[in-house]
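Asker: Sequence plus the predicted model coming up.
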Amino acid sequence: MHQNTGMQKNQNVWEVFSEFLNKQDENFDFHCTNPNDCLDIIKKNLKCKKAAGGVVINSVGELLMIERFGKYDLPKGHIEKGETPIETAFREVFEETGIMPDASEKELPPSYHIYFLEEKPILKEVYWFLMSYTGNVKPIPQTKEQISSAGWYSKEKMKIVEKNIFYNLKPYLEYFLIASETHINKGL
């Protein structure tokens, strides 16, 4: 289910947000006048875990994706102590798919989502990097992380992927669609 909510005049941000959290709906959008202020309030009230991942595009303009728990996903994982987000992104892409990107071309905006651990909400902030890959290694899923498949997906397959991907990852499919043209035109 997907819900859309906005702040009413004089409402406390955390009260409104908590109301939707308690319902544990699959997805909801939360709109407020100053998103950074709202995010700061949410971060102050929830435990925050940081992760990083890659939007990896190969030389023929395909996107590297994984499938976990029956949903398409992008390779990502928790930032380890002493690691930078970009180091995490490279490590996690390799661990989850066996693919080592050649380069990171650009940092993308972070994504945020909430999951529940022992019935407590956790805010997950994920740093994303647009990455390129020119090799020919076949992706191998990291099954110990419940990844059932890993592979390259063309623009034509995005209609199928879009129907079965986590809601907060849909904007990264748009980054892929735009960047894939550049990769094909450059011959990367």
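Answerer: Cool, the structure landed.
Asker: In whatever helix or strand residue 171 lives in, which residues have enough neighbours to count as buried?
Answerer: For residue 171, the host element (DSSP states H and E) is helix 170-186. The neighbour-count check on helix 170-186 (16 or more other Cβ atoms under 10 Å) flags 172-173, 175-176, 179-180, 183 as buried. Where C-beta positions appear, they are placed from N, C-alpha and C, glycine not excepted.
Asker: now swap in stretch 63-82 and tell me
Answerer: Buried residues in stretch 63-82, defined by neighbour count with 16+ other Cβ under 10 Å: 63-68, 72-77, 79.
Asker: List just the nearest of those to residue 124.
Answerer: Proximity of the buried residues of stretch 63-82 to residue 124, judged by Cβ to Cβ, is greatest for residue 76, which lies at 9.3 Å.
Asker: domain assignment for this protein?
Answerer: For the chain, automatic domain parsing gives the domain ranges 2-45, 47-186.
Asker: Residue 165 pairs with what?
Answerer: Counting by DSSP bridges, residue 165 is bridged to residue 72.
Asker: pretty sure residue 39 is touching residue 112, no?
Answerer: Yes. Applying Cβ atoms under 8 Å as the test, residue 39 and residue 112 come out as touching, 7.3 Å apart.
Asker: roughly how far apart are residue 60 and residue 139?
Answerer: The gap separating residue 60 from residue 139 is 14 Å, by Cβ to Cβ, to the nearest Å.
Asker: more neighbours, these two?
Answerer: Neighbour totals were compared for residue 60 and residue 139, and residue 139 leads with 21 against 12 (other Cβ atoms under 10 Å).
Asker: so who does the most centrally placed residue in the chain touch?
Answerer: Among the residues of the chain, residue 169 comes closest to the average C-alpha position under Cα atoms, centre = their mean, at 4.9 Å. Residues counted as contacts of residue 169 (Cβ atoms under 8 Å, 6 or more residues apart in numbering) are 72-74, 111.
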